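Enquirer: give me the fold of what follows.
(one chain, ligands or ions: 1)
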Amino acid sequence: MKFKAVTILTLVILALLTLFSFYYEIERYWYIILILAWLILISVGSFLIGLNFHLKAFSFKPKSTLKKVAITFDDGPHPKHTLKVLEVLKKHGAKATFFCIGEKIEKYPHILKSISIEGHSIGNHSYSHSNFIDFNLTTKWISEIEKTDELIQATIGKTPKLFRPPYGVTTPHLAKALKLTGHLVVGWNRRTLDTIIKNRNTILNRLKIKLKPGDIILLHDTQEQSLHILEHLLLYLKQQNFEAVTIEELYNEH
Ligand SMILES: [Zn+2]
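Expert: Just a heads-up that it's a prediction; the model follows:
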């Protein structure tokens, strides 16, 4: 992927600099600039899933002609909010995709079942969602992903095909793990920052700007305010003749 190209290019420039240094005087800062540029590119590429830096992620449906968007919820199931989110979705006849954490599925399997019964899509969002998860090596990533797959399979009788990386961060080790587990990776192109911004109107206004067919919206079913945002968002979608569908339906449109 792009990670390999950037790294190979950096190594080629490094080799050329070293070669030139036999004939000309090369200041040390050129080496420092090169390493810093590499580090910055790697960091940006790892944090922005839409760049497809380490792996190919589905972050929006390009050239979408039908007025469909996919609303996605991360970090559940939540004992207080997920069932309310399901009620709001049902009221508006909308479908969504829930990227669930294994540890929470263990605690609230009945809520996962409800998500599935309501006809929504369920994806894998790691087992622990730990703050240090991005330092995982490939084997640790595989165990995180497989453990959650097994929990989902045991609860709803289906193994998820979709995976969303915690925090949307990707690494070479995660890319290797996903090649082996075979999951399709889902990102987003409309980040609401609903866990950071506390003003609902700001979030809704940001969402309404340039909303287009094929967009993938990121929300979290772990907090009260997401319910209000969802309610208003669904009303707005209806006004604009948009339909909220699962990730699978967004990509399967004809
Ligand atoms: Zn998450």
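Enquirer: could you use CA atoms for every contact and neighbour count after this?
Expert: Will do.
Enquirer: what ranges do the strands span in the stretch 101-250 of the chain?
Expert: Counting by DSSP state E, counting those that start in this stretch, the stretch 101-250 of the chain forms strands over residues 121-124, 162-163, 184-186, 190-191, 216-220, 243-245, given from the N-terminal end onward.
Enquirer: let me see the mean pLDDT of the last one.
Expert: Averaging pLDDT along strand 243-245 yields 98.
Enquirer: just to revisit the earlier point, and the strands of the stretch 101-250 of the chain, which one's lowest on average pLDDT?
Expert: Out of the strands of the stretch 101-250 of the chain, the stretch the model trusts least by mean pLDDT is strand 190-191, with a mean of 92.
Enquirer: look up how far I105 lies from the nearest residue to E146 once chain neighbours are set aside.
Expert: For E146, ignoring the flanking residues on the chain, the nearest one in space by Cα to Cα, 6 or more residues apart in numbering is T181 at 7.8 Å. T181 is 20 Å from I105, where distance means Cα to Cα, to the nearest Å.
Enquirer: who has more neighbours out of these two?
Expert: Neighbours around T181 and I105, counted as other Cα atoms under 10 Å, are more numerous at I105. The numbers are 21 against 14.
Enquirer: contact partners for K147?
Expert: When the contact criterion is Cα atoms under 8 Å, 6 or more residues apart in numbering, the partners of K147 are 102, 127.
Enquirer: picking that back up, which one of the strands of the stretch 101-250 of the chain is the most hemmed in?
Expert: The highest mean neighbour count among those, using mean count of other Cα atoms under 10 Å, belongs to strand 121-124: a mean of 26.
Enquirer: is any residue of that one near the ion?
Expert: No. Strand 121-124 does not reach the ion (Cα under 5 Å from the ion); its nearest approach is 10.2 Å.
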